[in-house]
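Asks: sequence and computational prediction follow.
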Amino acid sequence: MTIISGRTWTYGDNVNTDVIFPGKYTYTLTERAEIARHALEDLDPTFAAVVQPGDVIVAGRNWGCGSSREQAATCLVFNGVGAVVAASFSRIFYRNALNNGLLAIVCPAAVAAIAPQETITIDLARNEIVCKGGVFAFPPLSASVLGIVEAGGLVPYVKRKVAATS
Amino acid sequence: MSATEGHPQTFAQKALARSAGLPSVAIGQVVDARPDVVLSHDNSAAIRRIWQEFGQSRVLIPDKIAMTLDHAVPAPTTKHAQNHAEIRAFVAEQGIANFFEVGRGICHQVLSEEAVVLPGQVILGADSHTPHFGWMGAFGAGIGRSEVAVLWATGELWLRVPESMQIVLDGSLPPGVSAKDFALRVIGDLGADGGLYASVEFGGSGIAAMSLASRMVLPNMMAEFGVKNAYIAPDATTLAYISERLVRRTTRQGAPLAAEDARTLVAAGALYPDAGATYAAVHRYDAAALEPLIACPHSVDAVVPVAQVAGTRVQQAFLGTCTNGRLEDLAEAAAIVRGRRIAAGTRFLVIPASSEVLADALRLGYIADFVDAGAVIGVPGCGPCMGNHMGIPAPNEVTISSANRNFRGRMGTRDADIYLANPAVVAASAIAGKIIDPRHLDAKSVVSTSQAVDPYSVINHQ
């Protein structure tokens, strides 16, 4: 968990949830494999078939704007995506990602330096991204948010609390 | 409301402090909020499956849960129908009183009409347009499905107290210019992420002069600006409307609140920011300088004057949604189509935001105006806004819509263009068969509804 290493998939600004996971599937697809198959369908039709576990999405400003649909985050998790590094995130996507154990890292300098399909390393212990263009520091997640990610997401995290109080 | 001694507070600070049971909170502080209302809709069955992981037999907060069926109604497929059936079973099992069936309307409209949310309250919803409730001075924010499941189980969720931004509208809007145009102006100027994470507080004489229906457009559209929530100070009109609706709902639900008690309760809950509160930015607009605007494919911030894309052929015009599907929107559109015919080669889809809007529009004759003009009337709900059914465009078709999003694929088809505008522009474009500023529709070209019309003859080209 402390080191993520994978190939990069680079995208631009304001990538919205409708192209990440189209709304027409949101009430009918429930299986992980089905949800995974439609990831980025209207943005990059090659993505779902080619992405490998550990790969990293690198995006510009406001990644995940639009709908609150959680599958915009889970479709990436179900494909084994290691992290999303962006210049900024829409706030609901950011919460949905961390709540599903998907690292959402804000680092505009790294985004500017990273090339498509290069292999990068994210070191969570050092809060650094290492890519061909250099080494970039990112702000650490708060202890409570890191706790959610380390528990594997919000539901397993809260499950422990609910079990402890009931 | 008096200022918190020495530390003037924004609306967001006050609302989140109250929700977290704290005397005051600082900007940037993370609090455990206990929302007054937790909203979900057709996604409630998926939320129930997450909630079941907690092993509870009863949700902790049945009285705070509000649900509508609105996003794909009536069910277009067996799978959608099964989804609705699961939700109804859950509602019955958990005794959820604030459940609104297929056809009642869109969650944000219905919860407003029913005063399920009150000024000063916090509502968190598994819907990105939950900032809508800022129209009445409530704190509304969108969250994910897992977070709603956690709220059902525990009643609380962490929230960061956002920075606030003021957007001021001075003066009154010119004829033909609406709240939608103001929202598009702001988003066009400052970008789709211009309000990222912020609480937007609207103010100024231009806001105070708006009808309640127009005010609803602004916080609703702020979802496309990246905000956490938005706020309009509740005035006497707001408080009177909500009080009346609260009496009506509590009476229907068998525990009637006296009118006087409702007024007292609603007024006591209202929150107002302190003078001298901290704002990260202030943006001022002169209402008189605004004009009809349009957001071009495929981004809500690709905003230009309608005149700039006038003449673009449209195969579909869609009037409706939580943004612009209210009675005043239908009234404006009906006035334009009355006595005219929809252009050949163009469909006009009208979907009222709620059953109440539909009933009023029937009584006032607007629905007859639409049908006589050749429009299609849909069941109150979200319609084709997010691509589930009831008006999906074909590839390469162009839709002009009164909705809030024009992302690629939003209406279910990847290679279809969506333009966003105010209801009058949508209606006029349906008549013209192409995008047009309604102020340029030629009165001389008004024809009887039985006449066949050359779709282009009604336009006074500029």
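Replies: It's in.
Asks: quick one: contacts for residue B:327?
Replies: B:213, B:357, B:360-361, B:364 (Cβ atoms under 8 Å, 6 or more residues apart in numbering or on different chains). Yep, even glycine has a C-beta here, placed from its N, CA and C like the rest.
Asks: can we see that at 6 Å?
Replies: B:357, B:360 (Cβ atoms under 6 Å, 6 or more residues apart in numbering or on different chains).
Asks: what about it, distance to residue B:213?
Replies: Using Cβ to Cβ, to the nearest Å, we find residue B:327 at a distance of 7 Å from residue B:213.
Asks: residue B:379 too?
Replies: 20 Å.
Asks: and the two? Which one has more around it.
Replies: In this view residue B:379 and residue B:213 are compared by other Cβ atoms under 10 Å in any protein chain shown, and residue B:213 has more residues nearby, 20 against 16.
Asks: just the CA atoms of the helix or strand where that one lies, as PDB, please.
Replies: When elements are defined using DSSP states H and E, residue B:213 is found to belong to helix B:212-221. Backbone C-alpha positions of helix B:212-221 (Å, rounded to 0.1, in the frame of the first residue of the first chain) are rendered in PDB as follows:
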ATOM      1  CA  LEU B 212     -38.800  31.800  -5.400                       C
ATOM      2  CA  ALA B 213     -38.800  29.700  -8.600                       C
ATOM      3  CA  SER B 214     -36.100  31.800 -10.100                       C
ATOM      4  CA  ARG B 215     -34.000  31.700  -6.900                       C
ATOM      5  CA  MET B 216     -34.200  27.900  -7.100                       C
ATOM      6  CA  VAL B 217     -32.200  28.000 -10.400                       C
ATOM      7  CA  LEU B 218     -29.100  29.600  -8.800                       C
ATOM      8  CA  PRO B 219     -28.000  27.200  -6.100                       C
ATOM      9  CA  ASN B 220     -29.100  24.300  -8.300                       C
ATOM     10  CA  MET B 221     -26.800  25.500 -11.200                       C
END
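Asks: is chain A contacted by that helix?
Replies: No - judged by Cβ under 6 Å from any Cβ of the partner chain, helix B:212-221 makes no contact with chain A; its nearest approach is 12.9 Å.
Asks: try stretch B:16-32
Replies: No - Stretch B:16-32 lies apart from chain A when judged by Cβ under 6 Å from any Cβ; the minimum separation is 7.2 Å.
Asks: residue 100: how many residues sit nearby?
Replies: Went with chain A since none was named. Neighbours around residue A:100, by other Cβ under 10 Å: 22.
Asks: oops, I was thinking of chain B
Replies: Using other Cβ under 10 Å, the number of residues around residue B:100 comes to 22.
Asks: show me what counts as buried in stretch B:56-76.
Replies: Of all the residues in stretch B:56-76, those buried under the rule 16 or more other Cβ atoms under 10 Å in any protein chain shown are B:59, B:61, B:64-73, B:75.
Asks: what about chain A: which of those residues touch it?
Replies: residue B:72.
Asks: the nearest residue in space to residue B:384 that is not next to it in sequence: neighbour count?
Replies: Take residue B:384 and drop its neighbours on the chain: the residue closest to it by Cβ to Cβ, 6 or more residues apart in numbering or on different chains is residue B:391, 3.5 Å away. Other residues near residue B:391 number 21, with proximity taken as other Cβ under 10 Å.
Asks: mean confidence for the top strand by length along chain A?
Replies: Under DSSP state E, the strand in chain A containing the largest number of residues is strand A:3-10. Summarised as a single mean, pLDDT over strand A:3-10 is 97.
Asks: in its sheet, what does it sit against?
Replies: strand A:56-59 (parallel), strand A:119-123 (antiparallel) (DSSP bridges).
Asks: which stretches in chain A count as helices?
Replies: Listed in chain order, the helices of chain A (DSSP state H) span residues A:17-20, A:32-37, A:47-50, A:71-77, A:91-99, A:108-113, A:143-150, A:154-165.
Asks: could those helices go into JSON lines alongside mean pLDDT, distance to chain B and mean neighbour count?
Replies: Compiled in JSON lines, the helices of chain A are given as follows (pLDDT from 0 to 100; distance: least, Cβ to the nearest Cβ, whole Å; neighbours: other Cβ atoms under 10 Å in any protein chain shown):
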{"stretch": "helix A:17-20", "mean pLDDT": "97", "distance to chain B": "4", "mean neighbour count": "28"}
{"stretch": "helix A:32-37", "mean pLDDT": "96", "distance to chain B": "11", "mean neighbour count": "15"}
{"stretch": "helix A:47-50", "mean pLDDT": "97", "distance to chain B": "14", "mean neighbour count": "14"}
{"stretch": "helix A:71-77", "mean pLDDT": "98", "distance to chain B": "8", "mean neighbour count": "27"}
{"stretch": "helix A:91-99", "mean pLDDT": "97", "distance to chain B": "4", "mean neighbour count": "27"}
{"stretch": "helix A:108-113", "mean pLDDT": "98", "distance to chain B": "12", "mean neighbour count": "18"}
{"stretch": "helix A:143-150", "mean pLDDT": "87", "distance to chain B": "7", "mean neighbour count": "15"}
{"stretch": "helix A:154-165", "mean pLDDT": "87", "distance to chain B": "5", "mean neighbour count": "15"}
